[in-house]
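**Student:** return a 3D structure for these sequence lines:
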Amino acid sequence: MHDVIIIGAGPAGLSAAITCAKNGLSVFVMDEYLKPGGRLLGQLYEQPDGSWWNGVNESSRLYDQALDLGVHVQLHTPVNNIEKTDTEWVIYTEGETYYTKHLLLATGAAESPVPVPGWTLPGVMSVGAAQVMTNVHRVKPGERGVIIGVNALSSAIAMELKLAGIDVACMTLPKLSQVTDHAAQPKTVLDSLLHVSHMAPSQFVRLGSKLMKNDFMKKLGVTFYPKNGVKMWDIPIQLRKAVVEIYGDGQVEGITLANVDTNGEVVPGSEKKVPCDFVCIAGGLYPLTELAAVAGCPFYLIDELGGYVPLHNERMETSLDGLYVAGNITGIEGAKVAIAQGETAGLTIAQNSGVDGLDREIEESIQAIEQTRNNAYIQFHPHVKKGKRLLQEQWEEYVALSDKNVPNQYV
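**Tutor:** Numbers count the residues shown, from 1 in each chain. Next up, the predicted model:
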């Protein structure tokens, strides 16, 4: 039996494994994917200081460091179920059953692409799939593509596709429906796009975004937004157009694009065809929490964090004894935040395993998470700090009710 088992070999899981191993614990990490690194593998962007953040290299660095410290990492290992006995956690896989007193869930996030007519055609994929094909496997998803959905994630990946020499015809909106909702409303999308405008190579775009500080200016911005879009990385960002259909005979051959008004409604008669050989759909990310749910962990819905997240404290402890969480399962953020959270989780696990003298390190690591969050180059949810405050309030309420033996509404 290992001192700690970690499910997820992404940035949070590997960081936690390294921290636990440094404190003398035996660590076993399992992941269903064929490579360690998780979503970190696909990341590639230039940082404000001019250096490049290369997710493949960062993954290799973390993985090699974990192996050097004696961490056992097992890939190709999906987890089917977890449960708690009186004294330990039981983890079920297709091959073996594992036991531990300390279990960390670092399962990351999943994509939620929005449905578009024709999205079942070969050549349609999520933006994350295009990112992995390009940055990890070095395979172009196609020669000319269209990205449906304008948000922080798709903006970052569009830049990466351009770096790979792929022609991105445009980034545009999905057709307005009950499902697409905010993702198809130009004003809402413009507001979210302002949070990644610092990534734009165009000084005009960066300066223009600073002028849109209030709702009046944003409304003007949408009203007079160019029909052909504003270019970022030479890619037209089209907030006044929407894809009404993806067409093709047996595979993607193009999209049908139409003008939309300021509310996102399609302007009849404005449809035109745009040829392309692949389409990426970007609906954002949500925390991958199934295993936490199976374990019986209480949840709370926080839109600012991307959806339902397991209740946990700043030390990355859940309300269940011996169960911890770190990374995107706690809310959608960047890899650097996940790494910082992994370190906190690792220190907390070590302390709960009997390692003394870690109080100061844990407090410093919690502060490091906040500092990393403040300095994040890409913020997937602009109000993530509000989301973290709401989560902390729910944790405090949960603990207070538990101390009074009052039935809790989240169980």
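**Student:** going by C-alpha atoms from here, please, whenever you check contacts or count neighbours.
**Tutor:** Noted.
**Student:** what does the domain assignment say about the chain?
**Tutor:** Domains of the chain are assigned by automatic domain parsing as 2-110+285-403, 113-281.
**Student:** least confident of those domains, on average?
**Tutor:** Ranked by mean pLDDT, the domains of the chain bottom out at domain 113-281, which scores a mean of 83.
**Student:** for that one, the distance to its chain's centre please.
**Tutor:** Remark: domain 113-281 is offset 18 Å from the chain centroid, using C-alpha atoms, centre = their mean, to the nearest Å.
**Student:** and the single longest strand found in the chain, which strands flank it?
**Tutor:** For the chain, the strand with the greatest residue count under DSSP state E is strand 235-247. Partner strands and pairing direction for strand 235-247 (DSSP bridges) are strand 167-174 (parallel), strand 230-232 (antiparallel), strand 254-259 (antiparallel).
**Student:** and for it, what's in contact with it?
**Tutor:** 116-119, 121, 148, 150, 168-175, 184, 186, 189-190, 222, 225-231, 252-262, 264, 266 (C-alpha atoms under 8 Å, 6 or more residues apart in numbering).
**Student:** can you put the domains of the chain in CSV and add mean neighbour count?
**Tutor:** Shown next, in CSV, are the domains of the chain (neighbours: other C-alpha atoms under 10 Å):
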stretch, mean neighbour count
domain 2-110+285-403, 20
domain 113-281, 19
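**Student:** secondary structure element for Q371?
**Tutor:** helix 359-374 (DSSP states H and E).
**Student:** export the next helix or strand after that helix as PDB, just CAs?
**Tutor:** Using DSSP H and E, the helix or strand that follows helix 359-374 in sequence is helix 384-403. C-alpha atoms of helix 384-403 as PDB (Å, rounded to 0.1, in the frame of the first residue of the first chain):
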ATOM      1  CA  VAL A 384     -12.200  33.500 -10.800                       C
ATOM      2  CA  LYS A 385     -11.300  35.300  -7.600                       C
ATOM      3  CA  LYS A 386     -14.900  35.900  -6.800                       C
ATOM      4  CA  GLY A 387     -15.500  32.200  -7.400                       C
ATOM      5  CA  LYS A 388     -12.800  31.300  -5.000                       C
ATOM      6  CA  ARG A 389     -14.300  33.600  -2.300                       C
ATOM      7  CA  LEU A 390     -17.700  32.000  -2.800                       C
ATOM      8  CA  LEU A 391     -16.200  28.600  -2.500                       C
ATOM      9  CA  GLN A 392     -14.500  29.500   0.700                       C
ATOM     10  CA  GLU A 393     -17.700  30.900   2.200                       C
ATOM     11  CA  GLN A 394     -19.500  27.600   1.300                       C
ATOM     12  CA  TRP A 395     -16.600  25.600   3.000                       C
ATOM     13  CA  GLU A 396     -16.900  27.700   6.100                       C
ATOM     14  CA  GLU A 397     -20.700  27.200   6.200                       C
ATOM     15  CA  TYR A 398     -20.300  23.500   5.600                       C
ATOM     16  CA  VAL A 399     -17.800  23.200   8.500                       C
ATOM     17  CA  ALA A 400     -20.000  25.300  10.800                       C
ATOM     18  CA  LEU A 401     -23.000  23.100  10.100                       C
ATOM     19  CA  SER A 402     -21.000  19.900  10.500                       C
ATOM     20  CA  ASP A 403     -19.700  21.100  13.900                       C
END
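**Student:** for the stretch 101-250 of the chain, what spans make up the strands?
**Tutor:** Along the stretch 101-250 of the chain, counting by DSSP state E, counting those that start in this stretch, strands occupy 109-111, 124-126, 144-148, 167-174, 230-232, 235-247.
**Student:** and the third one, which strands flank it?
**Tutor:** Think strand 144-148. Here, using DSSP bridges, strand 144-148 pairs with strand 167-174 (parallel), strand 278-281 (parallel).
**Student:** same deal with the first one?
**Tutor:** Using DSSP bridges, the strands paired with strand 109-111 are strand 285-287 (antiparallel).
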